[in-house]
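S.K.: kindly generate the corresponding structure for this input.
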Amino acid sequence: MAGELTLEEISKMAARAGLRLPEDELQKLLPGVNRAQRQAEELRHLIADCTEPASAFSALKVDKV
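M.R.: Residues are numbered from 1 along each chain as shown. Here you go, the predicted structure:
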């Protein structure tokens with residue numbers, strides 16, 4: 001992982017998303033965003049296996065023939 005996000009980076013991200021958040025709100029968001037980023041990285045390492053699963057779920061409705 002490249003490291004944790006800074007307040008300046010999260011501020012820029014919010015602005016790109018069209019959000020106008022005061023600095024105190026960004027400060028509140030920062031720990032959770034960094035935690036979620038670390039957890040996503042951990043999951044990527046867990047599912048890095050390139051083998052195909054034995055089966056796959058499909059939400060598409062299949063008509064019986």
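S.K.: which other helices and strands does the helix or strand of the chain with the lowest mean pLDDT contact?
M.R.: Least confident helix or strand of the chain, by mean pLDDT, DSSP states H and E, is helix 23-46 with a mean of 92. Counting contacts by 3 or more CB pairs under 8 Å, 6 or more residues apart in numbering; DSSP states H and E, helix 23-46 is packed against helix 7-16. Just so you know, the C-beta spots here come from the backbone N, C-alpha and C atoms, and that holds for glycine as well.
S.K.: other residues contacting the helix it packs on?
M.R.: Helix 7-16 is contacted from outside by 5, 20, 21, 23, 26, 27, 29, 30, 33, using CB atoms under 8 Å, 6 or more residues apart in numbering.
S.K.: try 7 Å
M.R.: Contacts to helix 7-16, defined as CB atoms under 7 Å, 6 or more residues apart in numbering, come from residues 21, 26, 27, 29, 30, 33.
S.K.: buried set for it?
M.R.: Neighbour counts over helix 7-16 (16 or more other CB atoms under 10 Å) mark 10, 11 as buried.
S.K.: same check, this time on stretch 28-48
M.R.: Judged by neighbour count using 16+ other CB under 10 Å, the buried positions of stretch 28-48 are 29, 30, 34.
S.K.: got the residues you listed as TSV, with distance to residue 41 columns?
M.R.: As requested, those are arranged in TSV below (distance: CB to CB, whole Å):
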residue	distance to residue 41
29	18
30	17
34	11
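S.K.: extract the C-alpha set from the least confident helix or strand of the chain and format it as CSV.
M.R.: These are the backbone C-alpha positions of helix 23-46, laid out as CSV (Å, rounded to 0.1, in the frame of the first residue of the first chain):
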residue,chain,number,x,y,z
GLU,A,23,-12.1,20.6,7.7
ASP,A,24,-13.6,19.3,10.9
GLU,A,25,-15.8,16.9,9.0
LEU,A,26,-12.8,15.8,6.9
GLN,A,27,-10.9,15.1,10.1
LYS,A,28,-13.7,12.9,11.3
LEU,A,29,-13.8,11.0,8.0
LEU,A,30,-10.0,10.5,7.6
PRO,A,31,-9.5,7.6,10.1
GLY,A,32,-12.5,5.6,8.7
VAL,A,33,-11.3,6.1,5.1
ASN,A,34,-7.8,5.0,5.9
ARG,A,35,-9.2,2.0,7.8
ALA,A,36,-11.4,1.0,4.9
GLN,A,37,-8.4,1.4,2.5
ARG,A,38,-6.3,-0.9,4.7
GLN,A,39,-9.1,-3.5,4.9
ALA,A,40,-9.6,-3.4,1.1
GLU,A,41,-5.8,-4.0,0.7
GLU,A,42,-6.0,-7.0,3.0
LEU,A,43,-8.9,-8.5,1.1
ARG,A,44,-7.0,-8.0,-2.2
HIS,A,45,-4.2,-10.1,-0.8
LEU,A,46,-6.6,-12.8,0.4
